[in-house]
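pasting a predicted model and its sequence here:
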Amino acid sequence: MRYDLNKHHRRSIRLRGYNYATPRAYFVTVCVYGWRCLFGAVVDGDLVLNDAGRMVRAIWDALPGRFPALAPDSAVIMPNHFHAIVVIAGIALLPERAATAQPTLGVIVGAFKSLTTNAYIRGVQDQNWEPFDQRLWQRNYYEHIVRDDNDLANIHDYIQHNPARWADDQLHPAAAPNRFNQE
């Protein structure tokens, strides 16, 4: 019997041939598997994080300690997803870390997903957090290469106002099926 190499192949949503270690800003969205609201709620347009949501925030805030080329920028933890602007600075801009390999966007997001998953599992075991089904995060993530200052300003605005627009969000549990809430 011949094995079909394409049978289990998933099409990449990354830009073919692009080097995702290139120093610049990227906008990423990471979704909870099954779009379950595990990180808190939006109440009257304000985001109210639970302990799990605060854990996600703490891990995101600590990532530059793991990746010195990661420059913190805007981020928001929503009930069932996470948005962030990931800025990768050039190693040349960090001479004290010249021996450190330049991280790719995928390595940074992968570490974030792994660290938060392990911490969430500890929260389920030790603090009775709601268990997740199969995995905490969806297999992939969405990314957008920030093109210019106007694009960056629009993304900052989107992140800042995302909780107030939760009822109309494509990732809201009551949203009609769309390209973002279909695995």
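Okay, I see it.

show residues contacting stretch 46-60.
38-42, 75-79, 82, 84, 112, 115-116, 119-120, 123, 127, 129-130, 163-164 (Cβ atoms under 8 Å, 6 or more residues apart in numbering). Every C-beta, even on glycine, is put in place using the N, C-alpha and C of the backbone.

let's go with 7 Å and repeat that
Stretch 46-60 is contacted by residues 38-41, 75, 77, 82, 84, 112, 115-116, 119-120, 123, 127, 129, 163 when judged by Cβ atoms under 7 Å, 6 or more residues apart in numbering.

now stretch 116-125
Stretch 116-125 has contacts (Cβ under 7 Å, 6+ apart) with Asp51, Ala52, Met55, Val56, Ile59, Trp129, Pro131, Phe132, Leu136, Trp137.

helices and strands of the chain: which one has the lowest mean pLDDT?
When each helix and strand of the chain is scored by mean pLDDT, DSSP states H and E, strand 70-71 comes last, with a mean of 92.

which strands or helices does it pack on?
Other helices and strands packing on strand 70-71, by 3 or more Cβ pairs under 7 Å, 6 or more residues apart in numbering; DSSP states H and E, are strand 81-88.

partner residues bridging the residue most central in space within the chain?
Geometric centre of the chain, nearest residue: Val30, 3.4 Å, by Cα atoms, centre = their mean. With DSSP bridges as the criterion, Val30 is bridged to Phe82.
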